[in-house]
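Colleague: this is a predicted model, with the sequence first.
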There are 2 protein chains.
Amino acid sequence: MQIVVFTPNQIIQRRLSDTLGASLRIANDEAGVFKALPAADGLIMAVQDYSDQIGRAVLQAGRLKWVQLLSAGFDRVQKHGVPQGVIVTNAGDALTPSVATHAVSLALAVQRGFPAMAQAQARGEWARDMQPRMTTPAEATCLIVGFGSIGKEVARLMRAFGAHIVGVSRSGKTDPLASPLADEIITPAQLPDYLPRADTIVLAVPLDDSTRGLIGRQELSLCKKSAVIVNIARGGVIDTDALADALEAGTIGGAGLDVTDPEPLTPGHRLWKAPNLLISPHVAAACGPLLYKRIADVACANAGRFMRGEALQNVVIS
Amino acid sequence: MQIVVFTPNQIIQRRLSDTLGASLRIANDEAGVFKALPAADGLIMAVQDYSDQIGRAVLQAGRLKWVQLLSAGFDRVQKHGVPQGVIVTNAGDALTPSVATHAVSLALAVQRGFPAMAQAQARGEWARDMQPRMTTPAEATCLIVGFGSIGKEVARLMRAFGAHIVGVSRSGKTDPLASPLADEIITPAQLPDYLPRADTIVLAVPLDDSTRGLIGRQELSLCKKSAVIVNIARGGVIDTDALADALEAGTIGGAGLDVTDPEPLTPGHRLWKAPNLLISPHVAAACGPLLYKRIADVACANAGRFMRGEALQNVVIS
């Protein structure tokens, strides 16, 4: 049994080493991955390091049965596909608490006018003119697009601030017992009816053909002038130019983006200067050693199951 | 019966007019207050408009029995004092939800590195170097100095994010049943023992002789290098120069200030340029019409009680 581990993170490496023992193969770079893959039964790595080259190498890896990602997203793996019989698992709920906290932090920051206040602060100005536009989640509607573990945790937090929660779920299960954290559960087809009521819109869906450009020019035109949009999913879920137009025209209230399209956002891109916008550079999951501890817990648990021949958890492709 | 109402806010004026009827005397400016005060039984106004001149006029107002403030703070009234027999009431819990939400928004914004990210955004830079310093409230200690209604609401919200709550209460009541929102309740005298353990420190105490300069050079030197300090109380609770030194030296993690000393912060003040600091210009309570509705509810309830000769609520000086 050989499991290739490709991450520079010492906390995760050490924890996996304890679990995998002699089965551990550390790859320090892409070349190390290519060298180890033909004999590998499993591959553990971060999705952001899943390059086109690695994607192609995985398709040729004859023994491979399992890819464990150290993140929630798996779009780069999906893009290449994996050989028949290979199971892809993600970090499950390990990133959920910090990503959801980041999403709520972005929503609150924009609702409280922090982007404009930070600009006034840089100019040394005590500028109270944002005050009439400042809002809170209380007695307002929070629309959460994608009601998986991150969406549900966003719902729990926004509800603590007094928000009315509308969850958008592909399955559209409306049974309130199935999702006790939402006041209403709707399907993506109902978005045009609900966007005009939303005060906060949080995007927490995986990027795929059905979600690419989900929030486009038409959808933005349906939003309240005071609506705040938060994207902690993938940049491609929003039509960037349509969003920049809406922010510049003031037809929406503001946005908080942890992800962009293109990403990284190119120097000189018009979005950098858009008003009432806070950009965080794809760091929603960061929360110091606590994050790596949570990720290592999930990866180690699956590594143990894989070695014992048990069913894996957090399967995203099989 | 004559009640002087001094606020330009139409929502509050209209609601008070409905309650007070013929007893209402609208003052449109300070001159109007001076003219109406000698015959006034009550005065309803915002504490930020309570000038030295009004403070002196209140001391001369022979009929006055009641001052209703449209805010939580009452330091400017306390500074002048009121004649024997005059009861001062504040807005009670009306500002609590938005001020507590703002405090938590500031804490999250600084923990998530937004001040540095906003600066990188202004330069058009996708700068991920804040990542190792990013934290969340989870599995960390939140010290809340001042455990009144705002402090308790901050506790409830921070606990939703997974924080361990230490409330600092003057009474120091340690009965957990008395304050079910705190994991521990301590007295101000215990601060030196608890500051070294605190990841977030939220200041929510009234400004008086016992709290002026409460967080000074000595207290800041006890804080963790990663600690985030939030002040939604009054600027004077923190020693401004000591805070600026700590931020510049990186001996604390960051700060979010809705109040400053001096206030407004003067142009060119060194605090404007301090790192990992977010300044909001004393707007914590703002949340649009929802705030005025909540304030009007409290003022109208007391106006009704005053006219019926019943005991007033939210008494802060008597």
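Modeller: It's in.

Colleague: alpha carbons of the lowest-mean-pLDDT helix or strand in chain A, as CSV, please.
Modeller: Least confident helix or strand of chain A, by mean pLDDT, DSSP states H and E, is helix A:75-80 with a mean of 90. Backbone C-alpha positions of helix A:75-80 (Å, rounded to 0.1, in the frame of the first residue of the first chain) are rendered in CSV as follows:
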residue,chain,number,x,y,z
ASP,A,75,-13.7,21.6,-9.7
ARG,A,76,-10.1,21.0,-11.0
VAL,A,77,-10.5,17.3,-10.5
GLN,A,78,-13.9,17.3,-12.1
LYS,A,79,-12.5,19.2,-15.1
HIS,A,80,-10.1,16.3,-15.9
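
Colleague: just how off-centre is it within its chain?
Modeller: Using Cα atoms, centre = their mean, to the nearest Å, the mean C-alpha position of helix A:75-80 is found 15 Å from that of the whole chain.

Colleague: now tell me what touches that helix from outside.
Modeller: With contact meaning Cβ atoms under 8 Å, 6 or more residues apart in numbering or on different chains, helix A:75-80 is reached by A:47-48, A:50, A:52, A:55-56, A:58-59, A:67, A:69, A:88, A:206-208, A:234, A:317. No exception for glycine: its C-beta is placed from N, CA and C like everyone else's.

Colleague: again, only this time at 10 Å
Modeller: For helix A:75-80, contacts defined as Cβ atoms under 10 Å, 6 or more residues apart in numbering or on different chains pick out A:45, A:47-52, A:54-59, A:67, A:69, A:86, A:88, A:90, A:206-208, A:233-234, A:236, A:316-317.

Colleague: show me those that map onto strands.
Modeller: Secondary structure from DSSP state E places A:45, A:67, A:69, A:88, A:316-317 of the contacts of helix A:75-80 in strands.

Colleague: among those, which one has the most neighbours?
Modeller: Neighbour counts for the ones in strands among the contacts of helix A:75-80 (other Cβ atoms under 10 Å in any protein chain shown) peak at A:Leu69, which has 28 neighbours.

Colleague: hang on, isn't that one packed against A:Val82?
Modeller: No. Checked against Cβ atoms under 10 Å, the pair A:Leu69 and A:Val82 is beyond contact range at 11.5 Å.

Colleague: overlap in contacts of these two?
Modeller: Joint contacts of A:Leu69 and A:Val82 (Cβ under 10 Å, 6+ apart) are A:43, A:88, A:317.

Colleague: kindly reformat those as CSV containing pLDDT.
Modeller: Below are the shared contacts of A:Leu69 and A:Val82 laid out as CSV (pLDDT from 0 to 100):
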residue, pLDDT
A:Leu43, 97
A:Val88, 97
A:Ile317, 93
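
Colleague: among those residues, which one lies nearest to chain B?
Modeller: The nearest member of the shared contacts of A:Leu69 and A:Val82 to chain B, counting by Cβ to the nearest Cβ, is A:Leu43 at 24.3 Å.

Colleague: if we can go back for a sec, pull out the buried residues from the contacts of helix A:75-80.
Modeller: A:45, A:47, A:49-50, A:54-55, A:57-58, A:67, A:69, A:86, A:88, A:90, A:206-207, A:233-234, A:236, A:316 (16 or more other Cβ atoms under 10 Å in any protein chain shown).

Colleague: against A:Gly235, how distant is A:Ile144?
Modeller: 18 Å (Cβ to Cβ, to the nearest Å).

Colleague: repeat for A:Lys79
Modeller: 15 Å.

Colleague: likewise A:Gln2?
Modeller: 35 Å.

Colleague: and if you look at A:Val99?
Modeller: A:Val99 is 15 Å from A:Gly235, by Cβ to Cβ.

Colleague: neighbour count for these two, which is higher?
Modeller: Set A:Val99 next to A:Gly235 and count neighbours by other Cβ under 10 Å: A:Val99 wins out with 27 against 19.

Colleague: what's the residue lying closest to A:Leu214 once chain neighbours are set aside in contact with, if anything?
Modeller: Leaving aside its sequence neighbours, A:Leu214 sits nearest to A:Val237 (Cβ to Cβ, 6 or more residues apart in numbering or on different chains; 5.1 Å). By Cβ under 10 Å, 6+ apart, the residues touching A:Val237 are A:145-146, A:203-208, A:211-216, A:231, A:259, A:261.

Colleague: can you do 7 Å?
Modeller: Residues in contact with A:Val237 (Cβ atoms under 7 Å, 6 or more residues apart in numbering or on different chains) are A:203, A:205, A:207, A:211, A:214-215, A:231.
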